[in-house]
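Trainee: Let's see this in three dimensions:
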Amino acid sequence: MNSHSRSDRIVVGADGSEYSSRTLKMAGQMANALGGQIDVITCVGMSDYFMTSRLEQELTRFTSELEETAIRLVNEAVERAFGDSRPENLTVTVKFGEPAKVLVEESRDAQLLVIGRHGAGGFLGQAMGSVSRACAAHAHCPVVVVTSEDEG
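Mentor: Take a look at the predicted model:
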């Protein structure tokens, strides 16, 4: 018997770049096929040193601005991907930390991780190539890597 220990979440790594829309579309197709909640995670990479800075109020204002910007960019990508037919079971969350680490952690209770693979770009110019490689190697669930080149 296959006990369903894992939730039905489909975790999507999105950085708000032009490629995110393709990754989101793929996640939408997977959600249609498999059922499940689409959790779009966007990561803001910050060093631990910076996060433990003594400038608490400045940092709080800065991180909330970063968070707002990241959410806006990802929501724009969601808009491009789905238009008016945005899935109602789709959430967007900002996590602070290194994208590969965050996404591998998020994959623990997911049925699927969908991530784009492309060069540098997107939010804070993160190189998704290295992130997708790390996720493919270490994720706790199946990983779908969406490439930026071919339309197929």
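
Trainee: For this protein, just list every one of the strands.
Mentor: Under the criterion DSSP state E, strands of the chain are mapped to 9-13, 38-44, 90-96, 110-117, 143-147.

Trainee: Most tightly packed of the ones you listed?
Mentor: Ranked by average neighbour count under the criterion mean count of other CB atoms under 10 Å, the strands of the chain are headed by strand 9-13 at a mean of 28. No exception for glycine: its C-beta is placed from N, CA and C like everyone else's.

Trainee: What strands line up against that strand, and which way round?
Mentor: With DSSP bridges as the test, strand 9-13 is paired with strand 38-44 (parallel), strand 110-117 (parallel).

Trainee: Now do the first one: everything it contacts.
Mentor: So that's strand 38-44. For strand 38-44, the surrounding residues in contact (CB atoms under 8 Å, 6 or more residues apart in numbering) are 9-16, 24, 27-28, 31, 63, 66-67, 70-71, 73-74, 78, 87, 89-99, 102-103, 106, 110, 123-124, 126.

Trainee: if we can go back for a sec, which one of the strands of the chain lies closest to residue 57?
Mentor: Among these, the nearest to residue 57 by CB to CB is strand 90-96 (17.0 Å).

Trainee: Now render the strands of the chain as JSON lines, adding mean pLDDT.
Mentor: Putting those into JSON lines (pLDDT from 0 to 100) gives the following:
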{"stretch": "strand 9-13", "mean pLDDT": "96"}
{"stretch": "strand 38-44", "mean pLDDT": "92"}
{"stretch": "strand 90-96", "mean pLDDT": "93"}
{"stretch": "strand 110-117", "mean pLDDT": "92"}
{"stretch": "strand 143-147", "mean pLDDT": "91"}
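
Trainee: closest one to residue 83 among these?
Mentor: strand 90-96 (13.0 Å).

Trainee: Return the list of strands paired to the closest one, each annotated with direction.
Mentor: Here, using DSSP bridges, strand 90-96 pairs with strand 38-44 (parallel).

Trainee: Kindly export the strand it pairs with (C-alpha atoms) in PDB.
Mentor: The C-alpha trace of strand 38-44 is given here as PDB (Å, rounded to 0.1, in the frame of the first residue of the first chain):
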ATOM      1  CA  ILE A  38       0.400  25.300  -6.700                       C
ATOM      2  CA  ASP A  39       2.900  26.900  -4.400                       C
ATOM      3  CA  VAL A  40       5.000  29.400  -6.200                       C
ATOM      4  CA  ILE A  41       8.200  30.200  -4.200                       C
ATOM      5  CA  THR A  42      10.400  33.100  -5.100                       C
ATOM      6  CA  CYS A  43      13.700  33.400  -3.300                       C
ATOM      7  CA  VAL A  44      15.600  36.500  -2.200                       C
END
